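# Sequence and predicted structure, then a few things I'm wondering about:
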Amino acid sequence: DTGVSQNPRHKITKRGQNVTFRCDPISEHNRLYWYRQTLGQGPEFLTYFQNEAQLEKSRLLSDRFSAERPKGSFSTLEIQRTEQGDSAMYLCASSRPGRGHTGELFFGEGSRLTVL
Amino acid sequence: DAKTTQPNSMESNEEEPVHLPCNHSTISGTDYIHWYRQLPSQGPEYVIHGLTSNVNNRMASLAIAEDRKSSTLILHRATLRDAAVYYCILRDLNSGGGADGLTFGKGTHLIIQP
């Protein structure tokens, strides 16, 4: 069990640039979640995939944000035309499906974005 | 998701038990009570969950009130490594749709004194 892997761990960019984060979930997990966390706050849900299908998006996910999971394995989160308010930790989590499981979410260590 | 209320912070001494409270007066019959914790500079990690009965695992115990309107996470012997933010979350695993994910509040910042 290699856990959920996120890359890069840290990203510093200038306002207006595009950034992309990658998440590799635990291999047998078909559900994948993206969260955003700002300082002093709990993580906020952004979007969710079941296999390759993006099933839900939060209102926090503006048009500048796009997430994909093309083959139902790894996922990418792209932020276009970054703004200083996008500075946050972006967390990815994965889980197994269905009842009978704990429904436990396994989180990666996050990708910290700083927009200058 | 139903809301939970937790103290902003708590302090305890190393090697003593810690009782972290959570109020969830609007809990529904199909809401499970989940606890996660987040150590500094890490993503959240699952601690324990329960529905009605008290639960124990290697990390902690979960005591659930008879009316389910409150619960307490118990760390039996806190260590410095238990210093983290602890989140109490209600999760309806029978929602049948949507993200079936977690809605985090601000949690309780647990400080452990050596």
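Now that the structure is in, tell me what you want to look at.

# so where's chain A uncertain?
Along chain A, the model assigns pLDDT under 70 to residues A:1, A:98-102.

# For it, just list every one of the strands.
For chain A, strands defined by DSSP state E occupy the ranges A:5-7, A:10-13, A:19-24, A:31-37, A:44-50, A:53-57, A:65-68, A:75-79, A:88-95, A:106-107, A:111-115.

# Same question for chain B.
Under the criterion DSSP E, chain B carries strands at the ranges B:9-13, B:18-23, B:31-38, B:45-50, B:55-56, B:61-64, B:70-75, B:84-92, B:108-113.

# what's the closest of these to chain A?
Nearest to chain A among the strands of chain B is strand B:45-50; the distance by CB to the nearest CB comes to 4.3 Å. For the C-beta atoms, the positions are set from N, CA and C on the backbone; glycine is no exception.

# Put together a markdown table for the strands of chain B, with mean pLDDT, distance to A:Glu104 and mean neighbour count on each row.
Shown next, in a markdown table, are the strands of chain B (pLDDT from 0 to 100; distance: least, CB to CB, whole Å; neighbours: other CB atoms under 10 Å in any protein chain shown):
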| stretch | mean pLDDT | distance to A:Glu104 | mean neighbour count |
| --- | --- | --- | --- |
| strand B:9-13 | 97 | 24 | 13 |
| strand B:18-23 | 98 | 18 | 18 |
| strand B:31-38 | 94 | 8 | 22 |
| strand B:45-50 | 94 | 4 | 19 |
| strand B:55-56 | 94 | 13 | 15 |
| strand B:61-64 | 97 | 14 | 19 |
| strand B:70-75 | 98 | 16 | 20 |
| strand B:84-92 | 92 | 10 | 22 |
| strand B:108-113 | 97 | 20 | 17 |
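
# sorry, back to before: to B:Ser61, which of the strands of chain A lies closest?
Across the strands of chain A, the minimum distance to B:Ser61, taken as CB to CB, is reached by strand A:106-107, at 21.9 Å.
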